[in-house]
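**Q** no sequence on this one, just coordinates:
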């Protein structure tokens, strides 16, 4: 690893998602095959537009769209988002878009990870692998090219050097089979500014992403973690056990809050639905709802976790049927010079 070219040696790190945003980035759906055949592209796009319009009430949104779909995106978004035409293969920008960083001087930069469609699950993905670089070039931000496969939904930070990741995803041989656990930790320290890495187990029913952490646990504040609970899922139970025994980069014992797994949205016998898969906007939380009684309980828990934010519930059944959630289709750009 070339230490002279990493974000950490240049003074950059990844801030927490509750830091002030410049804008939110999304990508317009164009790959029908990622969804069940009974959900058409127009319905999928309407679900994405609903999320974008909800976020736009709090902060600007830029929607990346394949050039042939740019007019359709602009029409369906109704002015809620700027549309940036770029070649894309799919619409999960959290995972293939840039991970934005900040420095002490207030500069903003981005990481361009390698992307292989969650372990070669979809083809092709060459355009999606190039999107991060195109976005950073468009923004005229410094681009750090990371020589490893990594998706933005596979890690979560408190902005103070503590990182949550899962063994199920990070150690999966379909990502970086040549790297050891120690190698992956070294990259995360050098590219995200991690000082303390907490390895969680994963999520049994999330095989689409191989257990991305954004379906299992996230920080709600420094020292506080929200974790998905399901007594029938040994991996989720193990996550909570490890969190209760963990300390953060500042040496604080973690406070652990739990949210129930929503008992819906099964796809091929897997259920990637999670209330934790929400987006933190400036002053707001855009959270998923599924039209079930558990929605009210989840709303109350999230409102308690974020007492100074307006909670907006957005129907997410269609998005989850594609294998992800609201957090998966969004990417925050922190405010910077």
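**A** Ah, there it is. What you are looking at is a predicted structure, and each value in this text was computed from that prediction instead of being measured.
**Q** Please tell me how far residue 12 sits from residue 38.
**A** 44 Å (C-beta to C-beta, to the nearest Å). C-beta: built from backbone N, CA, C; applies to glycine.
**Q** How about residue 316?
**A** Taken as C-beta to C-beta, the span from residue 316 to residue 38 is 17 Å.
**Q** Who has more neighbours out of these two?
**A** Taking other C-beta atoms under 10 Å, residue 316 and residue 38 do not tie; residue 316 has more neighbours (28 against 7).
**Q** Where does residue 84 fall, secondary structure wise?
**A** Residue 84 belongs to strand 82-85 when elements are defined using DSSP states H and E.
**Q** Show me what that strand is packed against.
**A** With contacts taken as 3 or more C-beta pairs under 8 Å, 6 or more residues apart in numbering; DSSP states H and E, strand 82-85 sits against strand 61-65, helix 70-77.
**Q** I'd like the ones you listed as CSV, with mean neighbour count appended.
**A** Shown next, in CSV, are the helices and strands packed on strand 82-85 (neighbours: other C-beta atoms under 10 Å):
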stretch, mean neighbour count
strand 61-65, 25
helix 70-77, 18
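**Q** To residue 283, which of the ones you listed lies closest?
**A** strand 61-65 (14.6 Å; C-beta to C-beta).
**Q** If residue 142 is in a bridge, with which residues?
**A** Judged by DSSP bridges, the bridge partners of residue 142 are residue 109.
**Q** low pLDDT regions in the protein?
**A** For the chain, residues meeting the criterion pLDDT under 70 lie at 1-4, 265-271.
**Q** one more time with 80
**A** Within the chain, the segments meeting pLDDT under 80 span 1-4, 264-272, 337.
**Q** Report the inter-axis angle for the biggest helix by length in it versus helix 70-77.
**A** Determined from DSSP state H, the single longest helix within the chain is helix 41-56. Interaxial angle, helix 41-56 versus helix 70-77 (axes from the mean of the first three to the mean of the last three C-alpha atoms, to 10 degrees): 60 degrees.
**Q** what sits against residue 66?
**A** By C-beta atoms under 8 Å, 6 or more residues apart in numbering, the contact list for residue 66 reads 28, 30, 85-88.
**Q** And those residues, which is closest to residue 168?
**A** Nearest to residue 168, judged by C-beta to C-beta, of these is residue 88 at 26.7 Å.
**Q** There's contact between that closest one and residue 27 in this structure, I believe.
**A** Yes - taking contacts as C-beta atoms under 8 Å, residue 88 lies within contact range of residue 27: 5.5 Å.
**Q** Which one's more surrounded, these two?
**A** The neighbour comparison of residue 88 against residue 27 (other C-beta under 10 Å) goes to residue 27, with 29 against 25.
**Q** For the more buried one, give me its contacts.
**A** 63-65, 88, 90-93, 97, 131, 329.
**Q** try residue 68
**A** Contacts of residue 68 (C-beta under 8 Å, 6+ apart): none.
**Q** secondary structure class for it?
**A** Under DSSP: H, G, I helix; E, B strand; the rest coil, the three-state class of residue 68 is helix.
**Q** Kindly report the same for residue 303.
**A** Per three-state DSSP, residue 303 ends up helix.
**Q** let's number from 37 now, not from 1
**A** Got it, first residue is 37 now, which makes that one residue 339.
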